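1. Based on what follows, work out the 3D shape:
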Amino acid sequence: GYYPQIQLLDELHQEEPNSVFIMIFRPIESWIRSANFHHGLSSRWAFFDMPGLILSKEQLEQRAKTYLPKRERRPVLTEKQLHRWWCGHVQHIREYVKEYPSHQLIELDLRNDDDTSSILADIFQTESTCWSH
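-> A predicted model of the protein is given here:
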């Protein structure tokens, strides 16, 4: 797995120093549930080098067992690991934008359809109905 939007922030800054970052939020429990059940997303993160995700010694050993099929090598992430990663990622992006004030950070609430739809419509010059659930 490769996450240029996380791993290449400095390169993105060099190419687009006035870019806008948009972070969509929802309750952390809902986000964790989604990460766990959306096509094994959280287990794929454990298999790749996900910036900021700290794996236990046992999880690293499980991932390193090259004689197993990839699906069986994926360590299971705990809710605590996912929670820490997400909170650390949010803090990292906020600090990055603070360090490079030419960027703008927009934080939206996934559960607030009206405000989020209106803001996205303004940003992308579309109708707000394009962004509702």
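
2. How far away from the center of its chain is stretch 3-13?
-> Its chain's C-alpha centre and that of stretch 3-13 lie 13 Å apart, by C-alpha atoms, centre = their mean, to the nearest Å.

3. likewise stretch 109-118?
-> Distance, centroid of stretch 109-118 to centroid of chain: 19 Å (C-alpha atoms, centre = their mean).

4. ok, residues contacting it?
-> 24-27, 108, 128-133 (C-beta atoms under 8 Å, 6 or more residues apart in numbering). For glycine as for every other residue, the C-beta is placed from the backbone atoms N, C-alpha and C.

5. Show the subsequent helix or strand relative to the least confident helix or strand in the chain by mean pLDDT.
-> The weakest-scoring helix or strand in the chain, judged by mean pLDDT, DSSP states H and E, is helix 70-73 (a mean of 64). From helix 70-73 onward toward the C-terminus, using DSSP states H and E, the following helix or strand is helix 79-99.

6. avg pLDDT for that following helix?
-> Per-residue pLDDT over helix 79-99 has a mean of 95.

7. which other helices and strands contact it?
-> strand 20-25, helix 28-37, strand 104-109 (3 or more C-beta pairs under 8 Å, 6 or more residues apart in numbering; DSSP states H and E).

8. Same list, those, but as TSV with mean neighbour count, mean pLDDT and distance to Arg63 please.
-> Output for the helices and strands packed on helix 79-99, formatted as TSV (neighbours: other C-beta atoms under 10 Å; pLDDT from 0 to 100; distance: least, C-beta to C-beta, whole Å):
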stretch	mean neighbour count	mean pLDDT	distance to Arg63
strand 20-25	13	91	28
helix 28-37	14	89	17
strand 104-109	14	92	32
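
9. Mind putting the ones you listed into a markdown table with distance to Gln81?
-> Shown next, in a markdown table, are the helices and strands packed on helix 79-99 (distance: least, C-beta to C-beta, whole Å):
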| stretch | distance to Gln81 |
| --- | --- |
| strand 20-25 | 19 |
| helix 28-37 | 10 |
| strand 104-109 | 23 |
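
10. Brilliant, that's me finished.
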